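Colleague: I need the structure of the sequence given here:
(one chain, ligands or ions: 1)
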Amino acid sequence: MGLEMADNYSEIDCDVLIIGGGLAGLTAAILIGRAGINVLLVEKKSYPFHKVCGEYVSNEVKPFLAQIGINFSKLLPSSITHLEVLSRSGKIEMKTPLPLGGFGISRFRLDYELYHLAIQSGVKIFENNRVMDIAYHGNNFQIQLSNGTNLKSKLVIGSYGKRDILDNKLQRSFTRYRSDYMAVKYHIKASHPENIISLYYFNGGYCGLNKIEDDKYCLCYLVDRNIFKKFKSVKKAEEQLLHTTPQLRKILQDSTFLYEQPLVINEFSFREKQAVEKHVLMCGDSAGLISPMCGNGMSMAIIAAKFLSELIIESDIKSKIFNRQPLESTYIKKWDANFRMRLRTGKMLQDFSDLNLATGILYLLNLNSTFTQWVISKTHGKKIV
Ligand SMILES: Cc1cc2nc3c(=O)[nH]c(=O)nc-3n(C[C@H](O)[C@H](O)[C@H](O)COP(=O)(O)OP(=O)(O)OC[C@H]3O[C@@H](n4cnc5c(N)ncnc54)[C@H](O)[C@@H]3O)c2cc1C
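Modeller: Numbering: from 1, shown residues only. Reported below is the predicted structural model:
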């Protein structure tokens, strides 16, 4: 870790410092804050803000979110009951009920609601501030922010998402490899059934479409960066790649686009990561990113934050002789038991798409609904409260 020791770290600023206020970070902040533990969250952007995400949330976490105070009758998410998958030719290869189902909600709205709950829970939030470096020394962490502030904390939760400069600073092994994917998101007004999430394959990637709140739809696609970057602009790439799937071409041509510019993220991969790195407790995508085609990275981030928070609350963090070792090893075991297999199944599905074997997989899914339900069960969990 690159941060030099400075003399001005004397008193502890907080018991728990959370890096990144997405779903994992905000959920952990709410739960830990409510337990009376001194928690500080640092987020590099200012709320509310949009995020590249398909915005379909599995119902695994709906009762839990309601229990912590998310008011669904105010947020008005859509209700999604079915999944359909279309091949590049535009053929509907599969249409199946989703065993648990889910809801569609923009990250703009959901994250902002959690942000308010975090503030009400006594969490201090530093917005518009980026964590630049972390150093672990003498049983505490020293954290350097982009505004020049230095902080000291007993515990650090890394919930900073798919990839960040901090991963290089922590020398995480996956940073040695190139990232293969990029993603683009729009909010649109479209003509599409309200209860169906559709997945369209196209040359180089796939695109999800589902209703969110109000009368809006989220259209989000993941694509191989090497294929995409051959084109001079997003528009050109979409014409050459997405328009080859007939239904997708129609949606892109006929819908009203609600942003001036698309939201784009670069540089992410689905390589395995560790749940604890140099004593930083990783949570959400920082601990492992599931392929978006599984549609439950968001619920996994929330579930991981829930059990990590419970472990932190149970540990004797306020004590002078606080021992982080049992906390770390229990968290690693729990994380692996809950998510490792789901991530591996998701990676296998993603690899099949990359190898142009998507049509083969779709054929199998279509042929045998038991196989479809098996794949869904291997990438999803049960409802939590
Ligand atoms: C194309 C695509 C589509 C997807 N679609 C779906 C879907 O439909 N359903 C689903 O369930 N999942 C989906 N996912 C996955 C889902 O988006 C993630 O799993 C989820 O957002 C993880 O939440 P998180 O809190 O871990 O990370 P994020 O939500 O990414 O939050 C991380 C936060 O950390 C902040 N940050 C980063 N670095 C720093 C720093 N150094 N200092 C301070 N702040 C920092 C960021 O600004 C961000 O707010 C999709 C993913 C992709 C790539």
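Colleague: hmm, who's touching the host helix or strand of Lys333?
Modeller: Assessed by DSSP states H and E, Lys333 sits inside helix 324-335. Residues external to helix 324-335 that are found in contact with it (Cβ atoms under 8 Å, 6 or more residues apart in numbering): 139, 155, 274-276, 279, 281, 287, 304, 307-308, 311-312, 315. To be clear about C-beta, it is placed using only N, CA and C from the backbone, and glycine gets the same treatment.
Colleague: for the record, mean pLDDT for it?
Modeller: Per-residue pLDDT over helix 324-335 has a mean of 97.
Colleague: May I see the buried residues of the helix or strand just after it?
Modeller: The helix or strand immediately downstream of helix 324-335 is helix 341-354, counting by DSSP H and E. Within helix 341-354, the residues that qualify as buried are Arg342, Leu343, Thr345, Gly346, Lys347, Leu349, Gln350, Phe352, Ser353, counting by 16 or more other Cβ atoms under 10 Å.
Colleague: Just give me the neighbour total for whichever residue of the stretch 51-200 of the chain sits closest to the ligand.
Modeller: For the stretch 51-200 of the chain, the residue closest to the ligand is Gly54, as judged by Cβ to the nearest ligand atom, at 2.4 Å. As a burial measure, Gly54 scores 26 neighbours (other Cβ atoms under 10 Å).
Colleague: Relative to Ser89, how far out is Ile212?
Modeller: 28 Å (Cβ to Cβ, to the nearest Å).
Colleague: Now Cys204: phi and psi?
Modeller: No Cys there; residue 204 is Gly. When read as degrees, to the nearest 10, the backbone of Gly204 gives phi 100, psi -10.
Colleague: burial measure for it, as a count.
Modeller: Gly204 has 22 neighbours, counted by other Cβ under 10 Å.
Colleague: Spit out the contact partners of it.
Modeller: Val223, Asp224, Ile227, Phe228, Leu241.
Colleague: my guess is the third one meets Leu242, correct?
Modeller: Think Ile227. No: shown here, Ile227 and Leu242 do not form a contact pair, counting by Cβ atoms under 8 Å, at 11.6 Å.
Colleague: out of those two, which sits in the more crowded spot?
Modeller: Per other Cβ under 10 Å, whichever of Ile227 and Leu242 has more neighbours is Leu242, with 23 against 15.
Colleague: who's in contact with the more buried one?
Modeller: By Cβ under 8 Å, 6+ apart, Leu242 lies in contact with Tyr200, Phe202, Cys207, Tyr221, Leu248, Arg249, Leu252.
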